[in-house]
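Engineer: show me how the following folds:
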Amino acid sequence: QVQLQESGPGLVKPSQTLHLTCTVSGASITTNHGYWSWVRQPPGKDLEWMGAIDSGGSAYYNPSLKSRTSISRDTSKNQFTLRLSSVIPEDTAVYYCAVAQTLVVVSATEGYWGKGTLVTVSS
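Structural biologist: Numbers count the residues shown, from 1 in each chain. Coordinates of the predicted model:
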């Protein structure tokens, strides 16, 4: 059973960089032929796919967030990470990591998902 767990600070100040880590168990991020994604859901809004990294290490981004987003991985720890720079209060959301065969995943019925972590952007 694939399991994903998000970790990181729950509060980030405006203009700072949000940094989250997803720890994966039950599958290898280097051999599983899927896309390891970050997805977020602001309060009262729909799920928004932010980007993904594939088993070969190539990263893909939502064009609307590309200038502020970076996704990387640590294969020795079987983890992948999200960096979102210059955060604003509108970046407040529950952030999820997920793996699915689909690149742009916006439904929790696809693949495997972590439980999510709330990140609040506030001074």
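Engineer: what about this structure, any weak spots by pLDDT?
Structural biologist: For the chain, no stretch is flagged by pLDDT under 70.
Engineer: contact partners for the residue nearest to the spatial centre of it?
Structural biologist: For the chain, residue 38 is the residue whose C-alpha lies nearest the centre (Cα atoms, centre = their mean; 2.2 Å). Residues in contact with residue 38 (Cβ atoms under 8 Å, 6 or more residues apart in numbering) are 20, 22, 49, 50, 51, 52, 71, 82, 95, 96, 97, 98. Just so you know, the C-beta spots here come from the backbone N, C-alpha and C atoms, and that holds for glycine as well.
Engineer: give me the number of neighbouring residues for the nearest residue to residue 25 once chain neighbours are set aside.
Structural biologist: By the measure of Cβ to Cβ, 6 or more residues apart in numbering, the closest residue to residue 25 outside its immediate chain neighbours is residue 3, 4.7 Å from it. Neighbours of residue 3 under the rule other Cβ atoms under 10 Å: 13.
Engineer: ok, residue 3 to residue 94 distance?
Structural biologist: Applying Cβ to Cβ, to the nearest Å, the value for residue 3 to residue 94 is 18 Å.
Engineer: residues touching residue 94, list them.
Structural biologist: Taking Cβ under 8 Å, 6+ apart as the test, what residue 94 contacts is 40, 41, 116, 117, 118, 119.
Engineer: how about the nearest residue to the last one, chain neighbours excluded?
Structural biologist: Going back to what we said before, that points to residue 119. What sits nearest to residue 119 in space, not counting adjacent residues and going by Cβ to Cβ, 6+ apart, is residue 95, at 5.6 Å.
Engineer: quick check on the residue nearest to the centre of the chain: phi, psi?
Structural biologist: Here is the backbone geometry of residue 38 (degrees, to the nearest 10): phi -120, psi 130.
Engineer: so the residue nearest to residue 119 sits in a helix?
Structural biologist: No. Applying DSSP: H, G, I helix; E, B strand; the rest coil, one finds residue 95 to be strand, outside a helix.
Engineer: hmm, residue 42 and it touching each other?
Structural biologist: No. If you go by Cβ atoms under 8 Å, residue 95 and residue 42 don't touch, sitting 10.1 Å apart.
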